[in-house]
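In: Any chance you can model this:
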Amino acid sequence: MDKDWEEKMVLKRLIWLLLFSMLATAALADYPLNIIPLKHRSAEELIPVIRPMLGPGENVGGMNYRLFVRASAKGLRDIEQLLAEVDRARKNLRITLQQDAARSGDSEFQGVSGEGRAGDVRIILPGNASSGGGVVIGSRQDDSLRYKITRSTGSSQNNTSQFVNVLEGAPAFIRVGQSLPYVQRFLAYAGNRIVYGQDTQFLNVTTGFDVLPRLNGDQVELEISPRLSFVGNRGIQDVSFQELRTTVSAKLGEWVELGGINASRDAVSRAILETASAQSGEQRVVRLKVEEGGR
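Out: Numbers count the residues shown, from 1 in each chain. Next up, the predicted model:
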């Protein structure tokens, strides 16, 4: 009997607590409706910013350039203070992106070729050194050795600079390049026969970037994805790509590096009385600058 009575008392307390919570929520939710006109930013942009500030029973909505707010007096003051900072005219920005690629290479060849005698034995040394040039050791044309050394150095640079004017807070992108055709060959079944066919596809070799800037005083935060691609000496079979995706903060008017690549390669080959070596290196750097007013 005592147990049933205790359960009834607990149930009554829960019911009263639930009713009290419902009445308190209804009282809090009974805020007047305030219509706030916006000057420069749309309601769709600002609602996600305001919503985390709301307390219990407060609400915000809107459309176009009007906000509909139900909030306490303090909550309304906080929202109006926030709007004074964020509901301002957007600024035009110019974003300049530079993508620099530099390649260098060195090669060296040394070798001995020719003919000579060791007693009654005639020794012939064929090799690349016989193709003219070099130092000849011996007095007769048919009995001489030729030592040859060659060195070569080469370098190339590819510097790309692009800019785009964009309104702060709005996404933008720029692309330049070309579409290169290439042929895809395939085999297909047609009834009981195997048919050979081919199809022409296009590869877009483009250079550019996607960007979303957000301005905060003299600092700008950017979500940016630069892409650099170029065709080598072998055409469609030699296409190089460089792509980056990052979020950075930069000061207006100053260059900032987004990333880079440093690569090197060494190769050595040897044969009888011959040796060849080659070194190559590549450096790539991506940097950007943001200026106000599209200057």
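
In: how close does Phe202 sit to Ile174?
Out: Phe202 sits at a distance of 20 Å from Ile174 (criterion: CB to CB, to the nearest Å). C-beta coordinates here come from the backbone N, C-alpha and C atoms, glycine included.

In: Could you check which of those two is surrounded by more residues?
Out: Relative neighbour count places Ile174 above the other of Phe202 and Ile174, with 16 against 10, counting by other CB atoms under 10 Å.

In: Just say helix, strand or coil for that one.
Out: At Ile174, secondary structure determined by DSSP: H, G, I helix; E, B strand; the rest coil is strand.

In: try Pro48
Out: With three-state DSSP as the criterion, Pro48 was assigned helix.

In: all strands for the stretch 151-295 of the chain, in order.
Out: If DSSP state E, counting those that start in this stretch is used as the criterion, the strands of the stretch 151-295 of the chain fall at 172-190, 193-216, 219-232, 235-243, 246-251, 255-271, 274-292.

In: do the same with the stretch 1-150 of the chain
Out: 33-37, 59-63, 66-70, 92-118, 121-125, 135-140, 143-167.

In: in stretch 70-90, what counts as buried?
Out: Within stretch 70-90, the residues that qualify as buried are 70-71, 75-76, 78-79, 83, 87, counting by 16 or more other CB atoms under 10 Å.

In: Tabulate those residues (TSV), appending distance to Val49.
Out: Formatted as TSV, the buried residues of stretch 70-90 follow (distance: CB to CB, whole Å):
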residue	distance to Val49
Arg70	17
Ala71	14
Gly75	14
Leu76	15
Asp78	12
Ile79	10
Leu83	9
Asp87	10
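
In: From those residues, which land in helices?
Out: The members of the buried residues of stretch 70-90 that map onto helices under DSSP state H are 75-76, 78-79, 83.

In: okay, the residues you listed in JSON lines with pLDDT and distance to Thr275 next?
Out: What follows is these, written out as JSON lines (pLDDT from 0 to 100; distance: CB to CB, whole Å):
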{"residue": "Gly75", "pLDDT": "90", "distance to Thr275": "81"}
{"residue": "Leu76", "pLDDT": "91", "distance to Thr275": "83"}
{"residue": "Asp78", "pLDDT": "92", "distance to Thr275": "77"}
{"residue": "Ile79", "pLDDT": "91", "distance to Thr275": "77"}
{"residue": "Leu83", "pLDDT": "91", "distance to Thr275": "75"}
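
In: Save these as a markdown table, and put in distance to Asn64 too.
Out: Output for these, formatted as a markdown table (distance: CB to CB, whole Å):
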| residue | distance to Asn64 |
| --- | --- |
| Gly75 | 23 |
| Leu76 | 20 |
| Asp78 | 23 |
| Ile79 | 18 |
| Leu83 | 15 |
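
In: Can you give me the neighbour number for the nearest residue to Ser249 once chain neighbours are set aside?
Out: With CB to CB, 6 or more residues apart in numbering as the measure, Glu221 is the residue that lies nearest to Ser249, at 5.0 Å, once sequence neighbours are left out. Under the neighbour criterion other CB under 10 Å, Glu221 is assigned a count of 14.

In: show me what contacts Glu221?
Out: Each residue near Glu221 by CB atoms under 8 Å, 6 or more residues apart in numbering is listed here: 213-214, 247-249.

In: Can you say which of those residues are buried?
Out: Those of the contacts of Glu221 that meet the buried threshold are Pro213, by 16+ other CB under 10 Å.
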